[in-house]
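Novice: pasting the sequence and the predicted model now:
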Amino acid sequence: VTLPLGVLKSNHVKFYPPLPAYKQEAIDKLGFGTLNKLVLSFEEPFWQGAGTKYIGYAAEKGEFYLFIDVSEAAGKPTLISLLPGKFAKQMEKVSDLE
């Protein structure tokens, strides 16, 4: 049986026999949160001079910190940025035009 971490942490599922203490402690210590993706398409791949598919960016803590070049898969100049935690939740409220 495979269960999502949130279900395991909720204690709504009981195991018989009970999980060993070390496994329950591992579940209790694990965390999870929001990680959204922002897809940005461009006319020209201005970043290709960097020579890498991964671009780190020293933004404010927890904001746009990583861009991944997915142009080959998308068929046009495209970056994906990962948005973590509270910043991801804030960005969910922003319209596509903003």
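Specialist: Cool, the structure landed.

Novice: ok, now which ones touch residue 68?
Specialist: 53, 54, 55, 79, 80, 81, 82 (CB atoms under 8 Å, 6 or more residues apart in numbering). All C-beta spots, glycine's among them, are computed from the backbone N, C-alpha and C.

Novice: what of residue 74?
Specialist: Each residue near residue 74 by CB under 8 Å, 6+ apart is listed here: residue 41.

Novice: distance of it relative to residue 32?
Specialist: Distance check for residue 74 against residue 32: by CB to CB, to the nearest Å, it reads 28 Å.

Novice: and the next element down the chain from the worst-scoring helix or strand of the chain on mean pLDDT?
Specialist: The weakest-scoring helix or strand in the chain, judged by mean pLDDT, DSSP states H and E, is strand 54-56 (a mean of 70). The helix or strand immediately downstream of strand 54-56 is strand 66-69, counting by DSSP states H and E.

Novice: CA atoms only for the next helix or strand after that following strand, dumped as PDB, please.
Specialist: The helix or strand immediately downstream of strand 66-69 is helix 71-74, counting by DSSP H and E. Below are the C-alpha coordinates for helix 71-74, written out as PDB (Å, rounded to 0.1, in the frame of the first residue of the first chain):
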ATOM      1  CA  SER A  71      13.000  25.000 -24.600                       C
ATOM      2  CA  GLU A  72      13.800  21.700 -26.300                       C
ATOM      3  CA  ALA A  73      10.800  19.900 -24.800                       C
ATOM      4  CA  ALA A  74       8.500  23.000 -25.400                       C
END
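
Novice: what's the burial count for residue 55?
Specialist: When counting by other CB atoms under 10 Å, one arrives at 13 neighbours for residue 55.

Novice: just grab the bridge partners of the closest residue to it other than its chain neighbours for me.
Specialist: Closest residue to residue 55 apart from its sequence neighbours, by CB to CB, 6 or more residues apart in numbering: residue 67 at 4.3 Å. Beta-bridge pairing for residue 67 (DSSP bridges): residue 55, residue 81.
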